[in-house]
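Asks: from the sequence below, what's the structure:
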Amino acid sequence: MSSSSAPPDMQPPQMRDGASAGPPIDADRPTGGRLRLVMDRLVTGAVSAVSVAVALLTVSLVVALLVRSLPVLGLQSLAEMITGTVWHPLQGKFGFWPFIVGTLWVTVLAMLLATPACILTAIYLAEYAATGLRAVVRPMIDVLAGIPSVVYGLFGVLVIVPLVRDRLAPAAAEHLSGVPLLAPGKVSTGYCVLAAAVVLALMVTPVIISVAEEVLRGVSPGVREASLSLGATRWETVKHVSFRIAMPGLIAAVVLGFARAFGETMAVLMVAGNVAQLPGSLFDPAYPLPALIANNYGEMMSIPLYDSALMLGALILLVVVLIFNLLAELVLIWARRRSSQ
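Replies: Predicted coordinates for the structure are as follows:
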């Protein structure tokens with residue numbers, strides 16, 4: 001006879017009281033809900049700690065560079081060094097203006113060359129390219145992103161510099177002799193602002209294309225279909241719908257490329273010419289700030305205050321990058337608000 005049909009006086013005490021015949025529940029053992037809550041708090045704390053550590057790392061970099069820069073700041077004011085045009089460490093003259101201007105020339109020109117082509121390429125890959133073509137092109141773009149900067153620098157020395165020296169500079173001297181910023185000097189070696197900008201444009205191209213394509217492909221297909229159903233062409237849909245929605249992400253893609261170009265050292269060092277002067281033309285040599293630090297740190301530290309001046313240069317470079325990132329974040333906030341209206 002089964003236990004369920006046994007008389008009440010012969011059933012186990014647990015069953016007579018209406019309780020389950022299973023093992024007793026340990027009230028002190030945490031339930032699944034409590035365990036998930038504990039894990040959630042641990043993960044939240046870990047993420048918060050990492051975020052604070054990253055912020056503290058940025059502050060630590062600024063403080064460390066500032067401390068190392070104090071000796072030269074005690075000799076000259078910051079305004080004098082930033083606006084100074086003479087770089088003569090043996091005489092204690094540290095003018096950073098030629099290096100700052102050289103960095104801006106090369107970076108801005110590289111972004112002007114790269115941004116339109118990258119955005120149009122991303123639009124084609126996201127909106128027009130067939131699946132098979134996209135599957136071939138995207139791995140090639142990823143390979144370009146992983147090429148070391150010194151390889152780009154060698155490409156610039158072997159290809160871009162001779163092209164500028166033998167073809168572009170003579171053509172500009174013949175046809176653009178009276179145009180400001182485009183007329184070359186008497187002799188152009190090819191190691192100039194234009195060569196460095198072309199190399200940097202090639203380097204930032206895969207970064208901008210990859211991010212911009214992902215952003216454009218993230219636009220909801222329903223939005224595109226709604227636009228097409230109203231009679232808009234594919235280009236009108238891209239221009240007025242997809243581009244508008246993806247604008248914050250496209251700005252972020254350009255900012256990532258700008259950050260890569262602004263802090264690039266090796267490739268620029270190899271093709272920019274590295275002459276401490278204010279460039280007056282695209283065909284004049286330049287000396288970007290990262291190249292100055294890479295070229296001189298650790299070699300001429302016997303000169304008083306040289307180490308401190310280079311640390312100040314690194315601090316200026318870091319502050320400029322932070323300012324541009326802040327401006328880019330403000331632009332992103334404005335673009336998000338505009339796209340949501």
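Asks: residues of stretch 306-318 that come out buried?
Replies: Buried positions in stretch 306-318, judged by neighbour count with 16 or more other CB atoms under 10 Å: 306-318. All C-beta atoms are positioned from the backbone trio N, CA, C, and that covers glycine.
Asks: output that stretch as PDB, nothing but the C-alphas.
Replies: Extracted C-alpha coordinates of stretch 306-318, given in PDB (Å, rounded to 0.1, in the frame of the first residue of the first chain):
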ATOM      1  CA  TYR A 306      65.800  70.500 -21.400                       C
ATOM      2  CA  ASP A 307      64.000  67.600 -19.800                       C
ATOM      3  CA  SER A 308      61.500  70.000 -18.100                       C
ATOM      4  CA  ALA A 309      60.800  71.800 -21.400                       C
ATOM      5  CA  LEU A 310      60.000  68.500 -23.200                       C
ATOM      6  CA  MET A 311      57.700  67.600 -20.300                       C
ATOM      7  CA  LEU A 312      56.000  70.900 -20.800                       C
ATOM      8  CA  GLY A 313      55.600  70.000 -24.500                       C
ATOM      9  CA  ALA A 314      54.000  66.700 -23.500                       C
ATOM     10  CA  LEU A 315      51.700  68.600 -21.200                       C
ATOM     11  CA  ILE A 316      50.700  71.000 -23.900                       C
ATOM     12  CA  LEU A 317      50.000  68.100 -26.300                       C
ATOM     13  CA  LEU A 318      47.800  66.400 -23.700                       C
END
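Asks: name the residues that touch that stretch?
Replies: The contact list for stretch 306-318 (CB atoms under 8 Å, 6 or more residues apart in numbering) reads 61-62, 65-66, 68-73, 81-82, 89, 94, 96, 99-100, 103, 262-263, 289-290, 292-293, 296-297, 300-301.
Asks: go with 7 Å
Replies: Stretch 306-318 has contacts (CB atoms under 7 Å, 6 or more residues apart in numbering) with 61-62, 65-66, 68-69, 71-73, 81, 89, 94, 96, 99-100, 263, 289-290, 292-293, 296-297, 300-301.
Asks: please narrow the residues you listed to those residing in strands.
Replies: Phe94 (DSSP state E).
Asks: could you flag which of the contacts of stretch 306-318 are buried?
Replies: 65, 68-69, 72-73, 81, 94, 96, 99-100, 263, 289-290, 292-293, 296.
Asks: thought Leu125 was touching Val137?
Replies: Yes. Using CB atoms under 7 Å, Leu125 is in contact with Val137, at 6.3 Å.
Asks: more crowded one of these two?
Replies: The neighbour comparison of Leu125 against Val137 (other CB atoms under 10 Å) goes to Leu125, with 20 against 16.
Asks: buried ones in stretch 183-193, by neighbour count?
Replies: Using 16+ other CB under 10 Å as the test for burial, stretch 183-193 gives 183-184, 188, 190-193.
Asks: let me see the mean pLDDT of it.
Replies: Mean pLDDT, computed over stretch 183-193, is 80.
Asks: pull out the CA atoms of that stretch and give them to me as CSV.
Replies: The C-alpha coordinates for stretch 183-193 follow below in CSV (Å, rounded to 0.1, in the frame of the first residue of the first chain):
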residue,chain,number,x,y,z
ALA,A,183,53.1,78.2,-53.6
PRO,A,184,56.3,76.2,-52.7
GLY,A,185,59.6,77.8,-51.8
LYS,A,186,62.6,77.9,-54.0
VAL,A,187,63.5,74.2,-53.3
SER,A,188,61.2,71.5,-51.9
THR,A,189,62.8,68.3,-50.7
GLY,A,190,59.4,66.6,-50.4
TYR,A,191,59.7,66.3,-46.7
CYS,A,192,56.9,68.8,-45.8
VAL,A,193,53.5,69.4,-44.4
